[in-house]
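**Q** my questions concern the predicted model and sequence given below.
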Amino acid sequence: MRKATAPAGKPSINLSDAVLHTNLTILEVAEPHLLEEIMADRRLAPTIVMRLSEDAAVVAPGQEEFFIKQLLKAGHTPKVVTK
Amino acid sequence: MKMSVNQESGLPLPQYEACLLNLRSEAVKKMARAWVGKDAYKLNKERCAKAIADAIADPNTVRRVLGGVPKFERAGLGFVKRHGPTVPTEELAMELLMSGIPFDEHKPNRSYHDTDSSLYKGLDRLLELGLVLWCDRGRYNYGADLFYNQYHDRPEVFSDKRLLAEVEIVPPTPLVLSPVSAAERVLVRQPSQVLLRFIAFTETLRKVGRIDLTTQGRLSKYSLTKLVKALGWDDALAADSSTPMANATDFFVALFRSAGLIKLDPSSQSLVIDSSVERILTSPYDEQAGLWMSAYRSLKSWIEYKPPAVWWDASDLSRGKKFAALRAALEVALAALPQPSGWYRIVDISDGIFSRVGLSFSLSHVDSFYAPFKATPAQIEKKRQEWRRQVHLKWSQNEQRWIEQAIVGPLFSLGLLELAFEKDQKTNSPSLVRLSEIGLEVIYRAFRPKNQGATSAVRRIPSTAATQEGPCWVVQPNFEVLVYLDHASAARLCFMERVATRSPSQGATALYRLTRESVYQAMESGLDHQTLIANLATGSEYPLPDNVRQTLADWIARRERMIVYRAADILEFANAAARDRAISVAGLQGLSIGDRFLMIPDLKRLLAAGGVGSIIDYRKPCVRCLNVAEDGRVTIDPARADLLVRAQVASWAEPDASDGNRWRMTRSSIQKAMARGWTAERIIERLSPRALDAPPKIFLAALRAWTGAHTTVALASDLILQVADKEIAEAIIASEILQPYFRGRLGPNTFLVRNEASEALRRQLEEFGLELGVDLAFGLY
């Protein structure tokens, strides 16, 4: 992922072609192999419903707690950011 | 700092003047006599109430009237002043009797069987003069009588603040007790040790999150067990040979709840830590101790010990009130010790309490004395002595055991008392007690005005460690941290509880261990890297070992390598160019993900700035975007699809190579899904809410069959007999001769004929003269 910064002073945003997905749980990893590792884990893989990129994926809605618990069990220490 | 115990309810305190009007006229007139003189009897109730209200508004009149009130009643107001304008009824009644100040006993009109009321004879004096009133808070509305009545539960009494402002808190009359000179094996609980327990409890509960309540409002067993396990001290405290404390976690939950530091979260119907807890725990312990004592006294859902003769249920608050009253008696008894710093036998203190309230109070039921009929005074006295011995025996089996447990359990654990053994004592349980330095402050001196409390015989409290902020631990290369409790501040202990795991330890030090999990949990709770290292370093008496510093940095960096964003909002664009245009031209801000996505940090701002094509909220039920055909073909409607649907469909269907929106569920794809753990019902459960129209039933039947559901379908060899004429059809069905040839009737004019009997039927029908044709042109009617 990279941080997008906008030029200053832009008035309004027209996003009529874009789709807004709200209240999703997204996993972001620093290196793609970490996501591969998760996809190879039989407890974690079913909770990943879509890969957005090589270093980001969508976690199944309603499975967030289970997913985080399983990550911890697998020895990961994810930073959990809540809006 | 002013700290107060959580009141019974959040309902507003009644106004003194308004309460007067709820009383009987006679009672108000009697009260008014003290305030406005003999002429009160000439006034009606309303004017009396007005006269009293006017008199109370004038401090000089209040001083004059209170100056003429007997010492007992004035002292009673002092007890009310100690706790605030409201006091639990039983606790005040008990304090009044325990004060040892003599009073004029009036006997109101009570039921003959109302034996429990003898506890309230002192309180009745204050009620009769209107110095305190029932605090109904509008719930009971039966405050007309100014004396206790066991049939009307009134949990609190209150007094007017203007009355309380003019009275002093009076100490109880000293008990007639002899101190013990030789005390051995003294047991002391230091304030820092007590504080450590509170901090450990707070931080553990914070980590556990909450304590759920059942629908009846009791603590959920699951939540409590989780907390007990996380704290890990119940067994050790219960097994302590000298100062055992059973159900310690329950006690701390009840204590924190009583102190208002755990509150009900109505949205989750659970108990959560209140934000005021940090302020309380970081205040000097002698200030905190007053709150803990007050909270402990009013515990209603936890008891120290259940005497065998007493029925107890934590949800029965009326039972809890009796235990709270006995705690009040014990507190007054400790404040009435002849030598505040002296050692006393616990048994003697119990007997001291018995001497003042033993004949009026019992945790079970009060045994009254009934004089024998036509007995001489000598015989009555002999009988009375015998009765008194029996009551005392019962006291020693019930209330005394409870007092012993209260002293060696919670009061010692709170650091308010010190315990010791008598010379040559054989038993494991300490028999001697004295007030600790903190206990002197919050129990003994609380009953004495400031200018009289400092006598040479009373030890002074040294400054407590709760606010000291110097170095107080040593971080060792093996990640263990040794904390010196005698100079550890509450803030330091809170920090250590947050970042490290406590190991069982006793005495003046506490042992912690820094682990990857404990540091991770601390970071997740909001601690940042710099604060963690800086606090560890400034609290340490020696520089942090290099390996510890490096490993902590590694653990923290590792956490940054994987981030889970909860409730994130992302924008999906048609392609990378559209997204980049939105960023560069429209000024959109966020985190780019892959080629087409952008995570939005401020959704409100985005929505305020302009609209988006469509919004899909993943907290709502999933979007319907699938068309399912009878042959298992599944088509995704791209205009409605969310991010999850393709992954879901891919679990059970095979993709169409030519079109990314077309899939097909086949026997093979379903069997592959089964191998991954899917069942027919789970597939249907996920598929149905996604389908724009209900999936075809024949496909659902096929899906179940592919997963192995047993279905039997057969092409039967039986024949159908069609009859054009309705009358003949009725004649056939009524015929006994023809019945054996049929398997059943399919419609009004059609019959299912047994295949093996068809030839015989043909002959029989011909015999009846009916002409047989082939396939009449109508259906099954």
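**A** In hand now; what should we look at?

**Q** from chain B, which residue is nearest to chain A?
**A** In chain B, the residue found nearest to chain A is B:G587; the distance is 2.6 Å by CB to the nearest CB. C-beta coordinates here come from the backbone N, C-alpha and C atoms, glycine included.

**Q** so that residue sits in a helix?
**A** No: B:G587 is assigned coil when assessed by DSSP: H, G, I helix; E, B strand; the rest coil, not a helix.

**Q** give me the neighbour count for it.
**A** Look at B:G587: counted by other CB atoms under 10 Å in any protein chain shown, it has 17 neighbours.

**Q** just B:R745 next, same as before
**A** Neighbours of B:R745 (other CB under 10 Å): 15.

**Q** tell me the secondary structure of it, please.
**A** B:R745 ends up strand, using three-state DSSP.

**Q** give me the below-cutoff pLDDT ranges for chain A.
**A** By pLDDT under 70, the low-scoring segments of chain A are A:1-14.

**Q** now the strands for chain A?
**A** Secondary structure of chain A by DSSP state E: the strands cover A:2-4, A:15-29, A:48-53, A:56-59, A:79-82.

**Q** highest mean neighbour count out of the ones you listed?
**A** The highest mean neighbour count among the strands of chain A, using mean count of other CB atoms under 10 Å in any protein chain shown, belongs to strand A:56-59: a mean of 24.

**Q** ok, residues contacting that strand?
**A** When contacts are defined by CB atoms under 8 Å, 6 or more residues apart in numbering or on different chains, strand A:56-59 is touched by residues A:1, A:24-29, A:35, A:38, A:47-52, A:67, B:564, B:593-594, B:597, B:643-644.

**Q** swap the cut-off to 7 Å and go again
**A** Defining contact as CB atoms under 7 Å, 6 or more residues apart in numbering or on different chains, one finds that strand A:56-59 is touched by A:1, A:24-28, A:35, A:47-52, A:67, B:593-594, B:643.

**Q** quick one, what contacts the residue nearest to the spatial centre of chain A?
**A** Against the mean C-alpha coordinate of chain A, by CA atoms, centre = their mean, the closest residue is A:I26 at 2.1 Å. A:I26 makes contact with A:A56, A:V58, B:Y565, B:A568, B:I570, B:M599, according to CB under 7 Å, 6+ apart.

**Q** output the longest helix belonging to chain A.
**A** For chain A, the helix with the greatest residue count under DSSP state H is helix A:64-73.

**Q** buried stuff in it?
**A** A:E64, A:F67, A:I68, A:Q70, A:L71 (16 or more other CB atoms under 10 Å in any protein chain shown).

**Q** for chain A, what are the nearby residues on the stretch 401-550 of chain B?
**A** B:R516, B:Y520, B:E524 (CB under 7 Å from any CB of the partner chain).

**Q** for these, which entry has the maximal number of neighbours?
**A** B:Y520 leads these on contacts (other CB under 10 Å) with 20 neighbours.

**Q** for the closest residue to that one other than its chain neighbours, what are its contacts?
**A** With sequence-adjacent residues excluded and distances taken as CB to CB, 6 or more residues apart in numbering or on different chains, B:Y520 is closest to A:T77, at 4.5 Å. Counting by CB under 7 Å, 6+ apart, A:T77 touches B:R516, B:Y520, B:R558, B:R559.

**Q** and what of B:R210?
**A** B:D265, B:S268, B:S270, B:L271, B:V272.

**Q** now do 6 Å
**A** Contacts for B:R210 (CB atoms under 6 Å, 6 or more residues apart in numbering or on different chains) come out as B:S270, B:V272.

**Q** per-residue pLDDT, it?
**A** pLDDT recorded at B:R210 is 89.

**Q** can you give me the buried ones in stretch B:252-265?
**A** Buried residues in stretch B:252-265, defined by neighbour count with 16+ other CB under 10 Å: B:F252, B:V253, B:A254, B:L255, B:F256, B:R257, B:S258, B:A259, B:G260, B:L261, B:I262.

**Q** how far is the helix or strand harbouring the second one from where the chain is centred?
**A** Secondary-structure assignment from DSSP states H and E places B:V253 in helix B:248-258. Its chain's C-alpha centre lies 9 Å from the corresponding centre of helix B:248-258 when counted by CA atoms, centre = their mean, to the nearest Å.

**Q** likewise for stretch B:721-732?
**A** 78 Å.

**Q** same check on stretch B:81-95?
**A** Offset of stretch B:81-95 from its chain centre (CA atoms, centre = their mean): 25 Å.

**Q** who touches it?
**A** Contact with stretch B:81-95 is made by B:79-80, B:119-120, B:123, B:135, B:154-158, B:161, B:164, B:167, B:169, B:321, B:324-325, B:328-329, B:332, as judged by CB under 6 Å, 6+ apart.

**Q** can you give me the end-to-end span of that stretch?
**A** Stretch B:81-95 has an end-to-end distance of 13 Å (criterion: CA to CA, to the nearest Å).

**Q** ok, back up a step: including distance to B:M31, could the contacts of A:I26 go into CSV?
**A** Shown next, in CSV, are the contacts of A:I26 (distance: CB to CB, whole Å):
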residue, distance to B:M31
A:A56, 77
A:V58, 74
B:Y565, 68
B:A568, 67
B:I570, 72
B:M599, 71
